[in-house]
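1. Prediction below, plus the sequence it came from.
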Amino acid sequence: MNLIHQIGFDHSFSFVYSARPGTPASGLPDETPESVKKQRLAILQERIIQQTAQISRRMVGSTQRVLVNGFSPRDPGQLSGRTENNRVVNFRAANPTELIGYFVDVEITEAFPNSLRGELASPERY
């Protein structure tokens, strides 16, 4: 947990441990109760969610380079893309189809649990 905090992990594919056949660990005794495993996983995932939210909030007010990959699934009037640290950003643009597949600068205006909202900072594409 200290390492996760120190490094600032903000995303994780984490699961309860289960033995994988053919691995050295599969033959070791597993004395940790399932309830403890689930509790530890919940603590880990909650910490990562908190760090994700904190990082996203700190991005508000910044300008991020975003790779535009298409339209927002929730609002087809907005474009969607990803920042260099893999955050989803939704924003509006005058000529949206011309920006898909390009990098653009987006000023981040709001942070949500699973995405950011922004405004196109420059109509220039890279």
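-> Ah, there it is. Just so it is clear, the model here is predicted, and its values are computed rather than measured.
2. How about the residue positioned nearest the centre of the chain: what's its closest non-neighbour residue?
-> Residue closest to the average C-alpha location in the chain (CA atoms, centre = their mean): residue 87, at 4.7 Å. Distances taken as CB to CB, 6 or more residues apart in numbering put residue 116 closest to residue 87, at 5.4 Å, once the chain neighbours are dropped. The way it works is simple: take the backbone N, C-alpha and C, and place the C-beta from them, glycine included.
3. residues in contact with the one you found?
-> Taking CB atoms under 8 Å, 6 or more residues apart in numbering as the contact definition, residue 116 lies against 56, 59-60, 64, 83, 87-90, 108, 110.
4. The same query, at a cut-off of 6 Å, please.
-> Residues counted as contacts of residue 116 (CB atoms under 6 Å, 6 or more residues apart in numbering) are 87, 89, 108.
5. What's the first helix or strand after the helix-or-strand element of the chain with minimal mean pLDDT?
-> In the chain, the helix or strand scored least confidently by mean pLDDT, DSSP states H and E is helix 2-7, which has a mean of 90. Sequence-wise, the next helix or strand downstream of helix 2-7 (DSSP states H and E) is helix 34-59.
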